[in-house]
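>>> Attaching a predicted model along with its sequence, questions to come.
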Amino acid sequence: MAETSVIRKIMRSNNMVAIMVNAGSLREAFDDDKSRVVGSILAIDIVNSTQMKADQPESDWITTYGRVYDLVATESKQFPDARIIKYLGDGMMIHLPNQKAQDAINLAIKLQETLKNYNRDATIKCVCSAAIASGKMVRFSVGGSEDYIGTTVDRAFRLCSAASQNAIFVDGATIDSANLSSVSSKAGDVHSRSTSEYKGDIYKIELKGFKTLVEYYEILWDVARYGLKNQPSRPVAEAPPAAVVHNVVKDAWVRGTVYNAPEGKPISFVRSDAGEEFFAGCDRYIENKQPQAGQVVFFIPSAARKEGELKRATNILVLGETYHWSVDAAPLDRDFVFVSPSGTFELPNVYCHVGESAHGIERGASAALELLENPRKHLPTVRWVKGT
């Protein structure tokens, strides 16, 4: 492949192009509230770039860089809101606006998938790490070109530096903001991976320049999870179970009705809308709600303990009851949150429309909630009664 125009523009040194920023324009941006925006930053880093330059003739590594940059430009065009902000010699920075965190994840997956194919076919020999951070940042102009600055940008590049080759790391704000049900990969499709299975365990890491540990997740786009730099990859199936992290898994809930609740006994029986019968111990009702015949419930089905027995209903929610839960995810600048029980139950979290007051709610906040039903999707939802 011939040397591209973008390479001719930016490869003026073996590292990065120095850009002179007008101090006045940056100062004006900080003073202008309109410059403070919410969005996602995708950072991409070519792994072992210095060694590549030392080991290969200049014509070879420049050609490799050109192909990687062309790949980023080509794949970014599939996402109309993605904007390549700058090339940094051995890295790239892409911005996506608020509510497009899932596009940032899918773009990162497309890039890693294509690079994996390139390396397998010996088209090029180059691997990258990627990371996404979401939140507030300051937008300003450099010589007529748009750029961004702030801790969100820093977090993306620090996580990218910590990630191993082929890995995609995302911060907690990205998980909160992204519609994970739209995330997909080729390996995920082959293995029928559910929405929750694309998100790895929650970890915390010390990053240079950050006073507190930074939460991050790995996006499990491939058959392996790649982890931190200088650590071996391992199959996704060998990963330990996630800690107490709740995911939005819309198809996990089953709707049904309590058809038998013997008085004085810690048991009940539930019939799903599809007609299947389930055994439901009273200790499986969240917050120990007492079952009564005729109640409409939502539950997570579980296998029978013994052959010939009924399957079991777990994590049972009773329509119309009031629950005291905690906020599990609070997407930035949105009018809703996701909530889940703060006890030991592990179950899909639940959508809760709050309105404008949602903007001041943080993850971990407690609330009183009335369990309702989404009439179109027959899924549980809740009404925000009172925050505590």
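Cool, the structure landed. Numbering: from 1, shown residues only.

>>> Assign a three-state SS to I175, would you?
Under DSSP: H, G, I helix; E, B strand; the rest coil, I175 falls in the helix class.

>>> What separation do you get for it and P331?
As judged by CB to CB, to the nearest Å, I175 and P331 stand 10 Å apart. To be clear about C-beta, it is placed using only N, CA and C from the backbone, and glycine gets the same treatment.

>>> more crowded one of these two?
Under the criterion of other CB atoms under 10 Å, the comparison of I175 against P331 puts I175 first, with 24 against 21.

>>> Isn't that one up against Y217?
Yes: I175 lies in contact with Y217 (CB atoms under 8 Å); the separation is 5.8 Å.

>>> which neighbours do those two share?
Common neighbours of I175 and Y217, counting by CB atoms under 8 Å, 6 or more residues apart in numbering, are K199.

>>> now the longest strand along the chain, how far from the chain's geometric center?
For the chain, the longest strand by residue count, based on DSSP state E, is strand 128-142. On the basis of CA atoms, centre = their mean, to the nearest Å, strand 128-142 sits 15 Å off its chain's mean C-alpha point.

>>> Which strands or helices does that strand pack on?
With contacts taken as 3 or more CB pairs under 8 Å, 6 or more residues apart in numbering; DSSP states H and E, strand 128-142 sits against helix 23-31, strand 36-46, helix 101-120, strand 145-149, helix 151-162, strand 168-171, helix 172-177.

>>> Give me the angle between it and helix 151-162.
Computed by axes from the mean of the first three to the mean of the last three CA atoms, to 10 degrees, the angle separating strand 128-142 from helix 151-162 equals 150 degrees.

>>> Pairing partners for strand 128-142, with directions?
Using DSSP bridges, the strands paired with strand 128-142 in its sheet are strand 36-46 (antiparallel), strand 145-149 (antiparallel), strand 168-171 (parallel).

>>> Is E197 part of a helix or strand, or is it coil?
E197 falls in the helix class when you classify it by three-state DSSP.

>>> Can you verify my assumption that it contacts D189?
No: under the criterion of CB under 8 Å, E197 makes no contact with D189, lying 11.7 Å away.

>>> So which of those two has more stuff around it?
E197 (15 against 9).

>>> Not counting sequence-adjacent ones, nearest residue to that one?
In space, and not counting its chain neighbours, E197 is closest to L220: 6.5 Å by CB to CB, 6 or more residues apart in numbering.

>>> Any figure for the gap between the one you found and G227?
Distance from L220 to G227, by CB to CB: 11 Å.

>>> do I267 as well
Taken as CB to CB, the span from I267 to G227 is 44 Å.

>>> who has more neighbours, those two?
Neighbour totals were compared for I267 and G227, and G227 leads with 20 against 14 (other CB under 10 Å).

>>> thinking again about what came up before, the residue nearest to E197: how many residues sit nearby?
For L220, the neighbour count with other CB under 10 Å is 22.

>>> repeat for the one 5 residues further on
Here the neighbour count serves as a burial measure; for R225 (other CB under 10 Å) it reads 21.

>>> Just to check, L107 is in contact with K100?
No: judged on CB under 8 Å, L107 makes no contact with K100 at a distance of 9.6 Å.

>>> and for these two, which residues touch both?
With CB under 8 Å, 6+ apart, L107 and K100 have common neighbours F79, A82.

>>> burial count for H191?
Around H191 there are 14 residues (other CB under 10 Å).

>>> Tell me where the model's unsure across the stretch 201-350 of the chain.
For the stretch 201-350 of the chain, the stretches with pLDDT under 70 are 230-251, 332-333, 342-349.

>>> show me where it has strands.
214-219, 224-225, 234-235, 254-260, 267-272, 277-281, 296-302, 311-318, 322-329, 336-340, 350-353 (DSSP state E, counting those that start in this stretch).

>>> Switch those strands over to a markdown table; also include distance to F140.
Putting those into a markdown table (distance: least, CB to CB, whole Å) gives the following:
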| stretch | distance to F140 |
| --- | --- |
| strand 214-219 | 24 |
| strand 224-225 | 37 |
| strand 234-235 | 42 |
| strand 254-260 | 51 |
| strand 267-272 | 56 |
| strand 277-281 | 58 |
| strand 296-302 | 48 |
| strand 311-318 | 48 |
| strand 322-329 | 30 |
| strand 336-340 | 31 |
| strand 350-353 | 35 |
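
>>> do you know which of the ones you listed lies nearest D45?
Among the strands of the stretch 201-350 of the chain, strand 214-219 comes nearest to D45, with 15.2 Å by CB to CB.

>>> For that closest one, which residues meet the burial criterion?
Across strand 214-219, burial judged by 16 or more other CB atoms under 10 Å covers V214, Y216, Y217, E218, I219.

>>> partner strands of the helix or strand harbouring M93, parallel or antiparallel?
Element membership of M93 [criterion: DSSP states H and E] is strand 91-97. Its sheet considered, strand 91-97 pairs with strand 36-46 (antiparallel), strand 83-87 (antiparallel) by DSSP bridges.

>>> still on that earlier bit, CA atoms only: put the longest strand of the chain into PDB for me.
Extracted C-alpha coordinates of strand 128-142, given in PDB (Å, rounded to 0.1, in the frame of the first residue of the first chain):
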ATOM      1  CA  CYS A 128      -3.200  -2.400  19.400                       C
ATOM      2  CA  SER A 129      -4.700  -1.800  22.800                       C
ATOM      3  CA  ALA A 130      -7.900   0.300  23.200                       C
ATOM      4  CA  ALA A 131      -9.800   2.000  26.000                       C
ATOM      5  CA  ILE A 132     -12.900   4.200  26.300                       C
ATOM      6  CA  ALA A 133     -13.800   6.700  28.900                       C
ATOM      7  CA  SER A 134     -17.000   8.700  29.100                       C
ATOM      8  CA  GLY A 135     -17.900  11.900  31.000                       C
ATOM      9  CA  LYS A 136     -17.400  15.600  30.900                       C
ATOM     10  CA  MET A 137     -14.600  17.300  29.000                       C
ATOM     11  CA  VAL A 138     -13.700  20.700  27.500                       C
ATOM     12  CA  ARG A 139     -13.900  21.300  23.800                       C
ATOM     13  CA  PHE A 140     -11.600  23.800  22.200                       C
ATOM     14  CA  SER A 141     -10.100  24.600  18.800                       C
ATOM     15  CA  VAL A 142      -6.500  24.300  17.600                       C
END
